[in-house]
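[1] output the structure for:
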Amino acid sequence: MTVAVHHVVEGREDAPVLVMSNSLGTTHAMWDRQAGPLAERHRLVRYDTRGHGGTEAPPGPYAIADLAGDVLALLDTLGVERASFCGLSIGGMTGMWVAAHAPERIDRLVLSSTTAYFGGPEQWIERIALVRSQGTAAVADGAIERWLTPEFADAEPDTAAWLKAMIASTDDEGYAACCEALRDMDLRRDVAAIAAPTLIVVGADDPSTPPEHAHALADAIDGARVLEVPHARHLLNVEHPEEFTAAVLAHLEGA
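    Presented below is the predicted three-dimensional model:
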């Protein structure tokens with residue numbers, strides 16, 4: 001079943017639509033540093049993944065197909081037949097599923113800090129148990145270490161604190177159920193069906209989805225390009241907002 005998806009729409013109604021999908025443990029606000037420039041040229045749709053922010057958190061487990069179904073239902077609600085899509089981490093996995101299984105709905109695709117397959121389920125089993133027993137606050141410090149380089153976290157402590165609070169405020173069951181989707185995810189066969197022009201952006205120092213995952217995606221998706229950003233971890237759109245935004249705009253405009 002789909003859920004009521006909390007979303008924010010910005011920009012001109014007659015502009016091309018761009019949907020932005022958040023990472024695990026964040027809300028649509030993770031795109032704040034991109035929203036202004038992107039909304040100048042696009043009808044920008046930012047939303048909260050199920051179990052996050054203002055979107056419902058039905059009982060788990062979830063699957064990537066469930067999260068993709070939420071996006072398709074949101075597009076239907078907004079009357080949008082076709083849109084470009086930019087997703088980071090689990091947001092990127094959601095975009096891969098939509099682009100592979102509903103190609104007529106996707107114009108251009110940006111996949112950031114993501115992968116088609118993590119490998120074994122062990123890390124997710126441990127994190128699910130921890131969140132269900134102690135809540136999302138128990139995983140906040142570890143997430144910040146994966147998301148931001150130490151240099152950036154030291155230089156922008158308020159940003160690090162803002163992100164940490166975002167994780168801690170995420171619904172425990174919603175977070176755990178999304179982890180179950182990641183635990184079970186294997187999109188390696190699906191991605192070969194993606195026909196949308198695809199840009200893959202990765203932080204050179206990302207410990208969660210290292211560059212080799214980005215290059216494996218590029219090998220599987222016909223015509224995909226990789227942009228590797230130095231001195232960046234998982235939330236490279238926060239660490240390097242100007243470079244990230246410029247790359248997204250260039251790709252959406254066919255450069």
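[2] tell me where the stretch 151-255 of the chain has strands.
    Assigned by DSSP state E, counting those that start in this stretch, the stretch 151-255 of the chain shows strands spanning 198-203, 225-229.
[3] pick the most deeply packed of these.
    Highest mean neighbour count of the strands of the stretch 151-255 of the chain: strand 198-203, a mean of 26 (counted as mean count of other Cβ atoms under 10 Å). In short, each C-beta sits where N, CA and C put it, glycine included.
[4] need the residues that contact that one.
    Here strand 198-203 makes contact (Cβ atoms under 8 Å, 6 or more residues apart in numbering) with 99, 108-114, 209-211, 213-214, 217-218, 221, 223-229, 232-234, 236, 239, 244, 247-248, 251.
[5] partners of it in the sheet?
    When pairing is defined by DSSP bridges, strand 198-203 lines up against strand 106-112 (parallel), strand 225-229 (parallel).
[6] quick one, which of the ones you listed is nearest to residue 70?
    Closest approach to residue 70 among the strands paired with strand 198-203 (Cβ to Cβ): strand 106-112, 15.1 Å.
[7] would you put the C-alpha positions of the closest one in PDB?
    Extracted in PDB, the C-alpha atoms of strand 106-112 (Å, rounded to 0.1, in the frame of the first residue of the first chain):
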ATOM      1  CA  ILE A 106      11.600   9.500 -15.700                       C
ATOM      2  CA  ASP A 107      13.300  12.000 -18.000                       C
ATOM      3  CA  ARG A 108      16.800  12.400 -16.500                       C
ATOM      4  CA  LEU A 109      18.300  10.700 -13.400                       C
ATOM      5  CA  VAL A 110      20.800  11.800 -10.800                       C
ATOM      6  CA  LEU A 111      22.000   9.100  -8.400                       C
ATOM      7  CA  SER A 112      24.200  10.200  -5.500                       C
END
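[8] sorry, back to before: any chance of the strands of the stretch 151-255 of the chain in TSV, plus distance to residue 91 and mean pLDDT?
    Shown next, in TSV, are those (distance: least, Cβ to Cβ, whole Å; pLDDT from 0 to 100):
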stretch	distance to residue 91	mean pLDDT
strand 198-203	12	98
strand 225-229	17	98
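[9] in TSV: those, plus distance to residue 122.
    Converted to TSV, the strands of the stretch 151-255 of the chain look like this (distance: least, Cβ to Cβ, whole Å):
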stretch	distance to residue 122
strand 198-203	23
strand 225-229	27
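[10] just to revisit the earlier point, could the strands paired with strand 198-203 go into TSV alongside distance to residue 68?
    TSV is the format used below for the strands paired with strand 198-203 (distance: least, Cβ to Cβ, whole Å):
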stretch	distance to residue 68
strand 106-112	11
strand 225-229	23
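[11] so how far is the top helix by length along the chain off the chain centroid?
    Scanning the chain for the longest helix, with DSSP state H as the assignment, gives helix 64-78. Distance of helix 64-78 from its chain centroid, counting by Cα atoms, centre = their mean, to the nearest Å, is 14 Å.
[12] right, I'll call it a day here.
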